[in-house]
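S.K.: Quick check, what structure comes out for this input:
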Amino acid sequence: MTPARRALLLAALAAGTARPFGAPAAAQGLAASLNTLSVRANAGTVGVVSGGIDGTYARIAADLAAVLDDGDQLRILPILGKGSLQNLSDIMVLRGVDIGIVQSDVLAYAKRERLLPGVDQLIQYIAKLYDEEVHVLAAPGIGRLADLAGKPVNVDVRGSGTAMTATLVLDGLGVQPRHVPQDSALEQLRRGEIAALVYVAGKPARLFSGIPANSGLHFLAVPATPALLETYLPSALAAADYPNLVEGEAVETIAVGAVMAAYAWPPNNERHRKVARFVEAFFSRFPDFLRPPRHPKWREVNLAAQVPGWTRFGPAAARVAATR
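M.R.: Sure, this is the predicted structure:
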């Protein structure tokens, strides 16, 4: 509890009581009790910034809370975010954000574009999570990526990982990029106002779950060219993932890793100790994430997997080393 908030609380309590004597002492006692509760609650609370409500990040953060919450000892507070670039910035500067889920290519991108000073030294990773697939959902009559040339295409909100990836996937096509939330973009696509939307999310993404089989909307193939394979992995969208949108053979696409990242706090810092407690609980209880009703993407996670170009958070590195 901040001094300003404590002063306001004392003033409100003093003004609201009908007893003229003993009120200040009572107010101070209540404020002290609330301050104790505040300190205890905040000491165990870890804020995790994720993604939009329809994305996989939000569901992963919800799983973290469901599995790891342990009263005042550890409480996970999921926070809806605006994408990988914004999440990276939030980890660095936003109060209450201890951990974020981001695309693995965002660190190199932010460094190359000089978006966040010292980002490669100030951000570390706890674990690589899973791979996220690039979805390009198109309107009827659009058969391949080249057909999007000069047409309006939604690439998610500015600062998102999808917007970053879309610049590479659609490079040279001269599309008209739109930056609206994905749920709004899907409605625009249905009305024929845009030609396609690009969405990077772990399959199956909830955004596409309500699209009927006769909608005419479909996924476009994203060929794994040599240039894209320098950063991304080959993948595919199958009928088992999207029975209403994929018929017959799987649709070729690419994927990028999702990473759980944290600020590089020094070991003697209370924020470092808080994230270290999270790491201990996460590694210790990881088998719980592999069972229903947790998201199926957890079954792709290899806690020992390394992320090229990143430094692992000290306590997480220690846990991985202890299992070897």
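
S.K.: Please name the nearest non-neighbouring residue to residue 96.
M.R.: Leaving aside its sequence neighbours, residue 96 sits nearest to residue 47 (C-beta to C-beta, 6 or more residues apart in numbering; 4.5 Å). Where C-beta positions appear, they are placed from N, C-alpha and C, glycine not excepted.

S.K.: which regions of the protein lie under the pLDDT threshold?
M.R.: Filtered on pLDDT under 70, the chain yields the residue ranges 1-23, 32-33, 35-41.

S.K.: got the end-to-end distance for stretch 84-103?
M.R.: 6 Å (C-alpha to C-alpha, to the nearest Å).

S.K.: how about that stretch: buried residues?
M.R.: 84-92, 94, 97-103 (16 or more other C-beta atoms under 10 Å).

S.K.: Looks like residue 295 contacts residue 64 (just checking).
M.R.: No. Residue 295 is beyond contact range of residue 64, at 10.6 Å (criterion: C-beta atoms under 8 Å).

S.K.: what about those two, which has more around it?
M.R.: In this view residue 295 and residue 64 are compared by other C-beta atoms under 10 Å, and residue 64 has more residues nearby, 24 against 17.

S.K.: The more buried one and residue 90: what is the separation?
M.R.: Distance of residue 64 to residue 90, computed by C-beta to C-beta, to the nearest Å: 16 Å.

S.K.: Residue 96 too?
M.R.: For residue 96, the distance to residue 90 - C-beta to C-beta - is 9 Å.

S.K.: ok, now residue 230?
M.R.: From residue 230 to residue 90 the distance is 28 Å (C-beta to C-beta).

S.K.: cool, and residue 279?
M.R.: Following C-beta to C-beta, the distance that separates residue 279 from residue 90 is 19 Å.

S.K.: can you map out the helices along the chain?
M.R.: Taking DSSP state H, the helices of the chain run over residues 3-16, 23-43, 56-68, 84-93, 106-112, 119-122, 161-169, 182-190, 226-229, 270-284, 314-322.

S.K.: Quick one: list the elements packing against the third one.
M.R.: Helices and strands touching helix 56-68, by 3 or more C-beta pairs under 8 Å, 6 or more residues apart in numbering; DSSP states H and E, are strand 45-49, strand 75-79, strand 99-103, strand 251-263, helix 270-284.

S.K.: Of the ones you listed, which is nearest residue 26?
M.R.: strand 45-49 (28.3 Å; C-beta to C-beta).

S.K.: coming back round to it: who wins for proximity to residue 302 among the helices and strands packed on helix 56-68?
M.R.: Of all those, strand 251-263 comes closest under C-beta to C-beta, at 10.8 Å.

S.K.: circling back: looking at the helices of the chain, which is closest to residue 133?
M.R.: Taking those one by one with C-beta to C-beta, helix 56-68 is closest: 9.7 Å.

S.K.: Residue 276 versus residue 268, what's the distance?
M.R.: When residue 268 is compared with residue 276 (using C-beta to C-beta), they lie 12 Å apart.

S.K.: neighbour-wise, which of these two wins?
M.R.: Shown here are residue 268 and residue 276; by other C-beta under 10 Å, residue 276 has more neighbours (19 against 7).

S.K.: residues contacting that one?
M.R.: The contact partners of residue 276, by C-beta atoms under 8 Å, 6 or more residues apart in numbering, come to 314, 315.

S.K.: what do you get for residue 260?
M.R.: 99, 100, 101, 125, 126, 127, 128, 129.

S.K.: from the residues you listed, which is closest to residue 155?
M.R.: Of the contacts of residue 260, the one sitting nearest to residue 155 (C-beta to C-beta) turns out to be residue 101, at 19.4 Å.

S.K.: I'd like to know how far that closest one sits from residue 70.
M.R.: 21 Å.

S.K.: residue nearest the centroid of the protein?
M.R.: Residue closest to the mean C-alpha point of the chain, counted by C-alpha atoms, centre = their mean, is residue 50 at 2.9 Å.

S.K.: isn't it right up against residue 76?
M.R.: No. Using C-beta under 8 Å, residue 50 is not in contact with residue 76, being 10.7 Å away.

S.K.: where do the contact lists of the two overlap?
M.R.: residue 61.

S.K.: In stretch 212-221, which residues are buried?
M.R.: So for stretch 212-221, counting by 16+ other C-beta under 10 Å, buried means 217, 218, 219, 220, 221.

S.K.: That's all I had, so thanks and see you.
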